[in-house]
Each structure stands twice: as C-alpha cells, then as structure tokens.
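Visitor: Sequence below, structure please.
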Amino acid sequence: MKTRLLVVVALLVVMQPMACLPQTGAAEPFCDAAWVRGPIFKGVIPLEVFASQKTKAKGTELRNIHTYFRKEIDLSETPVEAVLYVTGDDYYKLYVNGQFFVQGPEPGYPFAHPYYMLDISKSLQKGKNCLAAHAYYHGVTTRAFNSGDNRSGFMLLLKLTFPDGSTKNITTDNTWKCFHEKAFSSSHMFGYATQFNENIDMRLIPIGWRKIGFDDSSWQMPLVERQDHQFVQQITPPLEHWRADPVVTKEKGKGNYFFDFGGEITGHTRIRIKGKKGDTITVWHGEELVGKETVRHKMRCFCNYEDKITLSGRDDLIEFYDYRAFRYIEILDAPSKPEAWVDVRHHRFDADASHFHSSDEMLNKIWEMCKRGVQMGCQGIVVDCPSREKGQYGGDTYMTILSQLILTADPTLPKKAIKDLQLSQRFDDGMLAVAPGGFRQELAEWSLVWPALLRYYYQMTGDTEFVCEMIDVGALDKLLGYFAKLEAESGLLSGVDKKKWVLVDWPGNLRGGYDYEKTKNSENAVVNAFYYRALRDAAALMRVAGQDGKTYDTKADRLQKAFGKRLLDPKTRLFRDGANSQNQSLHASAFPLDFGLVSKENEPHVIEMIRRKRMDCGLYAATYVVEGCYKAGQGELAYDLMTSKDKHSWAEMIRSNATTPMEAWAPELKNNTSFCHPACGTPIYLITTYLMGLEPVEPGWKTIRVSPQIPETLDEVELTFPIPSGSVAAKYTKADGYHLTVPTGTRVVIESPDSIPVKVHYVE
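Guide: So this is what the prediction gives:
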C-alpha cells in the first residue's frame, strides 16, 4: 500500500487543490473592494521597515492581532461562474459556508503584494452563503512576514455570473462585520521573533461565527479604506492540506497523553476535548523526546512549543492558527481523553511521483529523509526551516530547489523564490539574503548564488520567457555591478565583508579550520569562487536571452587567472584560504573544484585532500564537496562520502532519530539546530544528477544526458521522477545493466562507461 509522507498515517483531504485562473493582466484586480481592518488600527500609519533596520527585529505597538470578518450573501440562483480575488496582510484564512477554503497570501512585498485568483463556484449555493475570514497581524519585522509595518487587514472581490448572463460583484466594504478576537492572548514570541505562543481561551471564541445564520449584530463595522499596496497575482497555487493522525497514542495517566506522528510534519494542530468551563490543559509540541514519551517542548531551535488552553465547557475543537514543525505532541492535565490530529500543509507535492530504491539500505534511508524534508520545508516560500526562521534565504533556497524540481517538476515555487530575491534589489542592488520577509540581512554567497538558481530553473523547465524577464529588469547587471565595485586591481573581490557577511560555511565551528578572520576582509577564496561561478552563469543566461554574454565571460577569464596567481600554493597545488593566509582548508579548494577553477593537473591534489579531510565542513559546503568529486569523475569517493557513517554524515542524522534533514550533522554540533532543514536534502539531487547520471542537456528535459557513476558496491538501484513531459524511470542491476524509460520524443545522449551498458525505452 502506498502512503503519504513515507510513514503510515491516516489521511483526510480537507481541501482539494484549486487551480488558479489565468492572469488578467489588470493593474488593479480588486475594483471597488476596500481593505477591511479592525477598528484597533484606526489612525495607524504604514511604516517602511527596510530603511534603517539591519539585523534586530523591530515591531509596532500592535502585535499578535487576530480579527474575524464575515458577511452573508443571498443568491437567487447558483452562479455558473464565481471568480474570487482575495488577499490579506499579514495573513488570512478564508471559510465559505463554514468550510475552510484557502489561506494566504504567501509572503510578499507591499509593492508586489500577492493575491489569489480562484474558482470558488463549487463552494457556493443558491440562497444564503457566508464568507468568513480570520485575519492576522504579527507586528514584528521577521524573516517570515513583512510585518511590523502597520499594514493589515483583509480584502476580497467575488465576481459572480448567473445562468441568465447577469453579473454581480461582492466586495469587502462597510457592510461586513468584524470582531477583535482576544482568545489568542500570548505576548511571548519564540524562534527569531517568528511566532507567538498560542495560549487560547476557548471561552472567548464566538461559536459558529463562520457559519450561515450566526448572530453578528453585536460585532463592529470595520475600518474601510485602501492602503498603499501594489498587487501581483500569486505565482504559486494554494497550499495542499491533509489530515495526519498519530501513529502512536498513549495515555500516560493523570490526564497526560502522548502522540507520535511517526515523523517530522509541518502544520496546524487540532485537538477535540471536553471539560469543565475554565479547565486548563497544557500542550507541548516537539521534535525530540527528553525521556520515554516526554516531549522536549523547549526545542534546540529556540522555539518553546508550550501552550495553555482554557476550555469553554462545551465540546471544544482547538485549532492552532499558525503552523509549526514537530513530530510529537503531549497533552497534560486533560479532563477527558483528547483526540489530536494535524492539518498538514505544504506546497503541492505528489509523493507518488518520485520513487527510489537501491541495494544500499542506508542510501534508501537518506533519500526518504531528504524527500520528506523537501516536502515539509516547501511552504508558500522555500523556508530555511519551518520552526525558527520560516524565512526564504537565497543560499538555502538554491539547495532546496536542486531537489524540489526533481521530486515535483513544479516550477512555481522556484519561480516565486527567484522573483522575490530579484525584488529585494529595490533595497540593495546586491540582493538581500532573505526575501521577501521584513528582515534585512545580507550574505555575499547567498547573493552570488542567484544566477545559478536562475540557470538551474531554466535547465529544468525551459522557461526562456522568465529568464528574459529577469535580464530585462536588470537583475544580473545590478547584482554583478554591485560586486564589480568590490574588485581589487587583481580582479578578485576584496573586502567584501565590509559590505556583506561572507559566510564560507555554517555553523562557524564547521568551517574546517578556515582562516576566517584573516580572509573575510581581503581576497577570500570562497567568495571569489562564488563570484567566478556567478559570472559564468550570467554569461550563459545572457545567451539564453539572445544577448552577448562575452562581457561576463571576459571578467570570469580574468578572475580565473587571478585566482590561480594569487591563491594557488605552488608546492601543494592547493588553494590558500586567502591572499594573506597560508592556511589551506578543505573549503578553499572544494568550492573551486566544483566551480571549474581547478586545472586538470591540480585535480589529483584536491581529490587527495578530500580523501584525507572527508567532510570536514558543514552541511552547506558538503553538497559542493560531493558534487566536485562527481564532476572530477570520482564517483566512488563521492558515494563513500554521501553514505558514510562518519560523524559528519547524513547517516549521523538518522542515528539522531531525524526523519527530515537536520541543520547540522548532529544536534550537539550546533546549539540551535532545527530538525527540519530542507536545504540539507541535496542527496536527492546528487543521486539523480550524478550517481544515476541524469540531467537535461536541452532545457526542459527535451534531451537527456545519461552518464552514470554507479559504485561497484551498489548491486542495484532504481529511480523514477517527473519531468515536464511525463516521467523518467531508470533501473540498474549488475546482471542486466542500465535501463532508461522516457517519454516518446525525448532525445537521449548516452555518455556511460563501457562497464554500464544503457538501453533506452520509450513510452507514450
């Protein structure tokens, strides 16, 4: 039996995916609709959060504000067409006739504020209908939202067409009612000020407010006005939602209950329970246990998932509003046996579209762990982690998208990420490290990876139009023009850390002895390696757009020569960490190996260093180390590193009971480690692209290169994954060789060693 999430869970789909309607191209999609806001926001003026703040979260006086909005409409006929335009700030959940319909918008900038355009016709009926929204304003500048700027509220336009051809518009206006919800009362934030605890008083929630016939006569009229948002249609579709039930439920005694969901999930907890009015239960969420069936709610990632729920005396359904990342739930002091489940949410993900199995059980476990991590970490944006940050970091996004496009072939999420990062150039030509959240942070390598992200997106999708759009708005010229100003006379970047943080690797204790202090403000090997790759990728992208990429190639040629002259040690044939350092770390040569800066004559020296130092690095650099080995034809070494049982290995995560990739090799190696870090799921990409040797040589997988590097110790391996035109299936056994099945019309270029014969099969 096939299961979702790679563990046995019971599923109940609570919302069918809704296809977005075609973009209208209208600059003003909401016509006469207004923002409706709670009266608490009267006189509050929008703020600009990017002008001065750098790294510290700032906020407004109004924080953690929950507001309900509702309106009943009477339809004489069931409409034949119902087009919904909807948005909110920071966030909303929309219900139609008591049923959850959609949540959003996904994070965006006020000058490019996302809205959904959806078909709502199947949710409406003849007669009375109720539209209800639960809107939320966080109030602090974080990586997750552009909040702390006083922009808030909910906005809707519903265009109805009836059988006789007549039309009607429903808009948010002064006929709606609003209610300031005080049941969510906590002032305590966790993570990086990302989320408030949800201490919910069920006595204060108006029962039935989402349903037809609720008496809202005591509710207030909302503020009705426009704010300064400029709108864009949401690139991504609504998130998928489905029900996950625990695989283990245990009564511990004295009203304490333990629930294990079998693996890391992201979602909104639901608890059904009945007790006396005023009874209080405590709910713990966590990724780990601190004892037998005792949940570690004070998580390593600075999230304290402990919430107090006051019961109403009725049959309470407790609905946590914000999403969390966890595996376990524990309920304390329950007056009766609770039912607990999770409304799991993530970007659309067909778990059955990809499949992997091999004769190496460790490799299988690594694949499944990474697959689950990509699924749970891809929300409306590509999150760094779905607990502490919930923000979209450029470098992490690139690593996640390497695998996400293989597992899903869905271009919408990477396209949004690329666009979000480009839009951050409004504040910094060199791009912000995290976008589109309200937190201004700058990392040099995170900016320089953007051309590689765009180029990979293009190779996987064949979307020439989007590449041209990014070039036409000047994204490459601005980005590389910013770094050109930091070039020394040699052509190498120097003193970058005075403008942007040079990361090298993270956490800092996993930099493998890199001479960080001496090199960060001089000619640093790692940041220059990224600059070199960015120039090469930019040149290639210019040619995709029909333009001359020679300028960028010429700069890259110059940098390549300077790199060897200034940084290569003539005795060891390895690169030094910087021009003013004699230290020769793994990072200083591994990144150049992957990016093509190591000459053929020097490759053996770098490979020998990798054999000695292995993964003397963090998870971020590890992908480039393994990929560099594959590019150098060292498939056996790459496989050994990827499946090793060293302390620095994906296997170590599995030994730590992780079910999604962690932020560090082991919990003790990073003081605030999250147990769900999708960027660390790159073995999906490495296995597909290099071990199985499958990559598009013509964009959009119209032509596929097959150049496997299957190790001698691997007796059999099979892989299936989606591409734009269908599906690719590859199977290798020592007895029968390599069989590749592709859609009819796909061209195949075979570059396989004689020891691995390839046979190609075609299917309609």
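Visitor: where exactly do the helices run in the stretch 551-700 of the chain?
Guide: Remark: helices assigned in the stretch 551-700 of the chain by DSSP state H, counting those that start in this stretch are 586-595, 603-613, 619-631, 635-643, 650-655, 683-686.
Visitor: so the longest one versus helix 603-613, what angle?
Guide: Here the directions of helix 619-631 and helix 603-613 differ by 140 degrees (axes from the mean of the first three to the mean of the last three C-alpha atoms, to 10 degrees).
Visitor: cool, and the fourth one?
Guide: Going by the same axes, to 10 degrees, helix 635-643 is angled at 30 degrees with respect to helix 603-613.
Visitor: still on that earlier bit, which of the helices of the stretch 551-700 of the chain is buried the deepest?
Guide: Among those, helix 586-595 has the highest mean neighbour count (mean count of other C-beta atoms under 10 Å), at a mean of 27. C-beta here means a position set from N, CA and C on the backbone, and glycine is covered the same way.
Visitor: which intervals of the stretch 351-500 of the chain have sub-threshold pLDDT?
Guide: Per-residue confidence for the stretch 351-500 of the chain (pLDDT under 70) gives no ranges below the cut-off.
Visitor: Which residue is the nearest non-sequential neighbour of Thr744?
Guide: The shortest distance from Thr744 to any non-neighbouring residue, by C-beta to C-beta, 6 or more residues apart in numbering, is to Tyr762 (4.6 Å).
Visitor: Buried by neighbour count: which residues of stretch 720-738 qualify?
Guide: 720-724, 726-732, 738 (16 or more other C-beta atoms under 10 Å).
Visitor: okay, now the domains of this structure?
Guide: As given by automatic domain parsing, the domain ranges for the chain are 4-10+242-346, 18-236, 351-691, 692-764.
Visitor: ok so, going back, show me what the residue nearest to Thr744 is bridged to.
Guide: Val742 (DSSP bridges).
Visitor: follow-up on the earlier one: dump the helices of the stretch 551-700 of the chain to CSV, plus distance to Arg345 and mean pLDDT.
Guide: Shown next, in CSV, are these (distance: least, C-beta to C-beta, whole Å; pLDDT from 0 to 100):
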stretch, distance to Arg345, mean pLDDT
helix 586-595, 35, 98
helix 603-613, 40, 98
helix 619-631, 25, 98
helix 635-643, 30, 98
helix 650-655, 24, 97
helix 683-686, 21, 98
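Visitor: quick one: which of these is nearest Thr551?
Guide: Closest to Thr551 of those is helix 586-595 (C-beta to C-beta; 19.2 Å).
Visitor: Can you name the residues in contact with that closest one?
Guide: 504-505, 511-512, 514, 525-526, 529-530, 532-533, 536, 563, 567, 574-577, 598, 603, 606-607, 609-610, 613, 616-617, 621, 624-625, 627-629, 631-632 (C-beta atoms under 8 Å, 6 or more residues apart in numbering).
Visitor: Surely Ile366 and Thr643 touch.
Guide: Yes - Ile366 is within contact range of Thr643, at 7.0 Å (criterion: C-beta atoms under 8 Å).
Visitor: quick revisit: mean neighbour count, the domains of the chain: which tops it?
Guide: Greatest average neighbour count among these goes to domain 351-691 (a mean of 22), per mean count of other C-beta under 10 Å.
Visitor: Walking through the stretch 251-400 of the chain, point out its helices one by one.
Guide: For the stretch 251-400 of the chain, applying DSSP H, counting those that start in this stretch gives helices covering 361-377, 394-408.
Visitor: Return the distance of the first one from the chain's centre.
Guide: If I follow you right, that is helix 361-377. 16 Å (C-alpha atoms, centre = their mean, to the nearest Å).
Visitor: on contacts alone, who are the packing partners of that helix?
Guide: Packing contacts for helix 361-377, counted by 3 or more C-beta pairs under 8 Å, 6 or more residues apart in numbering; DSSP states H and E, involve strand 256-274, strand 355-358, helix 394-408, helix 635-643, helix 650-655, helix 683-686.
Visitor: Now that we have these, can you turn them into a markdown table and tack on distance to Arg543?
Guide: As requested, the helices and strands packed on helix 361-377 are exported to a markdown table (distance: least, C-beta to C-beta, whole Å):
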| stretch | distance to Arg543 |
| --- | --- |
| strand 256-274 | 39 |
| strand 355-358 | 34 |
| helix 394-408 | 21 |
| helix 635-643 | 30 |
| helix 650-655 | 36 |
| helix 683-686 | 24 |
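Visitor: mind checking which of these is nearest Asp429?
Guide: Closest of the helices and strands packed on helix 361-377 to Asp429 is helix 394-408, at 14.4 Å (criterion: C-beta to C-beta).
Visitor: who does the closest one touch, helix- and strand-wise?
Guide: For helix 394-408, the packing partners by 3+ C-beta pairs under 8 Å, 6+ apart come out as helix 361-377, helix 412-423, helix 444-448, helix 450-461, helix 619-631, helix 683-686, strand 716-723.
Visitor: returning to that earlier point: same list as before, the helices of the stretch 551-700 of the chain that is, but in JSON lines and with distance to Ser217 included.
Guide: What follows is the helices of the stretch 551-700 of the chain, written out as JSON lines (distance: least, C-beta to C-beta, whole Å):
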{"stretch": "helix 586-595", "distance to Ser217": "66"}
{"stretch": "helix 603-613", "distance to Ser217": "72"}
{"stretch": "helix 619-631", "distance to Ser217": "57"}
{"stretch": "helix 635-643", "distance to Ser217": "64"}
{"stretch": "helix 650-655", "distance to Ser217": "56"}
{"stretch": "helix 683-686", "distance to Ser217": "55"}
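Visitor: circling back: now the helices and strands packed on helix 394-408 in TSV, with distance to Ala664?
Guide: Output for those, formatted as TSV (distance: least, C-beta to C-beta, whole Å):
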stretch	distance to Ala664
helix 361-377	14
helix 412-423	24
helix 444-448	18
helix 450-461	23
helix 619-631	7
helix 683-686	16
strand 716-723	28
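Visitor: Lys122 is nearest to which of these?
Guide: Among the helices and strands packed on helix 394-408, helix 412-423 comes nearest to Lys122, with 22.4 Å by C-beta to C-beta.
Visitor: CA atoms of the closest one as PDB?
Guide: The C-alpha trace of helix 412-423 is given here as PDB (Å, rounded to 0.1, in the frame of the first residue of the first chain):
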ATOM      1  CA  THR A 412       6.000  27.700  -9.500                       C
ATOM      2  CA  LEU A 413       7.800  27.700  -6.100                       C
ATOM      3  CA  PRO A 414      11.300  28.300  -7.500                       C
ATOM      4  CA  LYS A 415      10.000  30.900  -9.900                       C
ATOM      5  CA  LYS A 416       8.500  32.800  -6.900                       C
ATOM      6  CA  ALA A 417      11.700  32.500  -5.000                       C
ATOM      7  CA  ILE A 418      13.800  33.800  -7.900                       C
ATOM      8  CA  LYS A 419      11.400  36.700  -8.300                       C
ATOM      9  CA  ASP A 420      11.300  37.500  -4.600                       C
ATOM     10  CA  LEU A 421      15.100  37.700  -4.400                       C
ATOM     11  CA  GLN A 422      15.100  39.900  -7.500                       C
ATOM     12  CA  LEU A 423      12.600  42.300  -6.000                       C
END
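Visitor: what's the angle between it and helix 394-408?
Guide: Using the same axes, to 10 degrees: helix 412-423 against helix 394-408 is 160 degrees.
Visitor: Need the contact partners of helix 412-423.
Guide: Helix 412-423 has contacts (C-beta under 8 Å, 6+ apart) with 106-109, 111-112, 235-237, 347, 378, 381-382, 392, 394, 397, 401, 404-405, 431-432, 435-436, 450, 453-454, 457, 463, 466, 470, 473, 475.
Visitor: what's in contact with stretch 102-109?
Guide: Everything outside stretch 102-109 that qualifies as a contact, by C-beta under 8 Å, 6+ apart, is 15, 18, 86-89, 91-94, 113-116, 118, 144-146, 232, 234, 236, 238-239, 345, 379-381, 392, 416, 420, 423, 426, 436-437.
Visitor: Good, we can wrap up now.
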